[in-house]
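Asks: The amino acid sequence is not available; the structure is as follows:
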DNA sequence: CTTCTCACA
DNA sequence: TGTGAGTA
């Protein structure tokens, strides 16, 4: 019985595939102690340690090629740099996952918010938000696939963000998405009237808008700024035939805006 | 049981 | 960076 072991024994011992060991060899990271007369690779105790090191560095996300140079020519300086780089990479990955987590909770939260379908209207105090414009829709133009590609690469992560439609001249629309910093359009902080609704056909939108203005008028809300139509893409996620919209308009800050300390005293109109 | 090579994610 | 199939 030899002291050295075969590749499959080594693989079982280290909980890796035989393939993987040969792959490391191809990359120059791990050479067998010797190859037997039957062409079998044989591994001794040194190779076991070596493989353990390689596996550890792989867990840190260091590429096998890099392990080759760092373990063989063995410059501790370089090895340290590799680990530092790997650390930077995992921090980047953590950020990525945190953003993903945020997206998921947003999707879930929006569903909760959307479910109170009793009274679509509601008054909100909103912080300033900033919008960046990414496309202009000419009057009567419908959004088509062609327009999206002709528009150039500047289409945002479409349908991961809510699309804001703001009228720009007669019949024309500008399309925006939310931005971090002040951009092409700003919604100032203030009181807003909002209505959320679920719509099956685009034709339902127009009457909803007039109804929105009617509602504002009968409640003496002064709307000065343009109406913002928000297409909430998350909410259509699980009901493809329906679109969720929010109508939003800032209330005139100059108007006396009879202080409403509670906003649930309207139930007369629908 | 091993080897190698190739195609595939 | 590996995996799986097929071969000898």
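Replies: Cool, got the structure. Quick caveat, the model's predicted, so the values are computed rather than measured.
Asks: Where does pLDDT dip in chain A?
Replies: Of all residues in chain A, those with pLDDT under 70 make up the ranges A:70-74, A:114-117, A:152-153, A:156, A:158-159, A:255-270.
Asks: please redo it, this time with the cut-off set to 80
Replies: Applying pLDDT under 80 to chain A picks out residues A:1, A:69-76, A:110-118, A:140-142, A:151-160, A:233, A:235-236, A:239-240, A:253-270.
Asks: what residues does it put near DNA strand B?
Replies: Residues of chain A found near DNA strand B (Cβ under 7 Å from any atom of the strand) are A:6, A:7, A:8, A:9, A:18, A:22, A:35, A:39, A:40, A:41. C-beta coordinates here come from the backbone N, C-alpha and C atoms, glycine included.
Asks: can we see that at 6 Å?
Replies: If contacts are counted using Cβ under 6 Å from any atom of the strand, the residues of chain A sitting beside DNA strand B are A:6, A:7, A:8, A:22, A:39, A:40, A:41.
Asks: Look up phi and psi at residue A:190.
Replies: The main-chain torsion angles of residue A:190 are listed as degrees, to the nearest 10 and equal phi 160, psi -170.
Asks: dump the residue contacts of it.
Replies: For residue A:190, the set of contacting residues under the criterion of Cβ atoms under 8 Å, 6 or more residues apart in numbering consists of A:125, A:126, A:250, A:251, A:253.
Asks: can you check residue A:242 too?
Replies: With contact set as Cβ under 8 Å, 6+ apart, residue A:242 has these partners: A:198, A:199, A:200, A:236.
Asks: Three-state assignment for the first one, please.
Replies: Spelled out, it's residue A:198. When classified by DSSP: H, G, I helix; E, B strand; the rest coil, residue A:198 comes out as strand.
Asks: For it, give the beta-bridge partners.
Replies: Note on residue A:198: beta-bridge partners by DSSP bridges are residue A:244.
Asks: So what does residue A:230 have for phi and psi?
Replies: phi -110, psi 120.
Asks: what about the strands in chain A?
Replies: Listed in chain order, the strands of chain A (DSSP state E) span residues A:5-6, A:34-35, A:41-43, A:121-126, A:129-137, A:163-167, A:173-179, A:185-187, A:190-199, A:228-231, A:243-250.
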